[in-house]
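J.: Fold the following and give me the result.
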Amino acid sequence: MTPSQNQPPSSYLENALRSMERQMEQLEKEEAEQKIAEAAAKQREINRQNARKSTGPRTEAGKAISSKNRLAHGLC
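T.: Below you'll find the model as predicted:
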C-alpha cells in the first residue's frame, strides 16, 4: 500500500502502524487460544487416566457399604 495523493505520509505511516498492531494482536490471540486448547486436551487425557483408576469398591464388604450411601445422604 502506498500513500495516496490526498493522505500525508505521516497519516499513512500511522495507519500502517495501526494495521500492524491489529495483526499482532490477532496473532497473539490465536497463539493464546492454541495454548488453551492444548492445555484442555492435556487435562482431558489426565482426567481419562484418573477415571481408569476409579473403579469403585472391589470387595463384597466395600460394595455392601457403598450400597448404603444413598440412605446416608438422604437420596432415598
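J.: next helix or strand past the strand or helix carrying A16?
T.: A16 belongs to helix 9-53 when elements are defined using DSSP states H and E. Going down the chain from helix 9-53, the next helix or strand is helix 60-67, by DSSP H and E.
J.: got the CA positions of the next helix or strand after that following helix in PDB?
T.: Sequence order places helix 69-72 as the next helix or strand after helix 60-67, per DSSP H and E. Extracted in PDB, the C-alpha atoms of helix 69-72 (Å, rounded to 0.1, in the frame of the first residue of the first chain):
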ATOM      1  CA  ASN A  69     -24.600 -44.400  50.700                       C
ATOM      2  CA  ARG A  70     -28.000 -43.300  49.200                       C
ATOM      3  CA  LEU A  71     -29.500 -43.700  52.600                       C
ATOM      4  CA  ALA A  72     -26.800 -41.900  54.500                       C
END
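J.: Identify each buried residue in helix 69-72, please.
T.: Going by neighbour count (16 or more other CB atoms under 10 Å), nothing in helix 69-72 comes out as buried. C-betas here are computed from N, CA, C, even on glycine.
J.: And the residue positioned nearest the centre of the chain, how close does it get to G62?
T.: Centroid-nearest residue in the chain: I36, 3.7 Å away (criterion: CA atoms, centre = their mean). To G62, I36 is 39 Å away according to CB to CB, to the nearest Å.
J.: ok, now S10?
T.: 78 Å.
J.: try M20
T.: 64 Å.
J.: same deal with L27?
T.: Distance, L27 to G62, using CB to CB: 54 Å.
J.: Repeat that for R44.
T.: Using CB to CB, R44 is found at 29 Å from G62.
J.: Next: E33.
T.: Distance, E33 to G62, by CB to CB: 44 Å.
J.: again with H73
T.: 17 Å.
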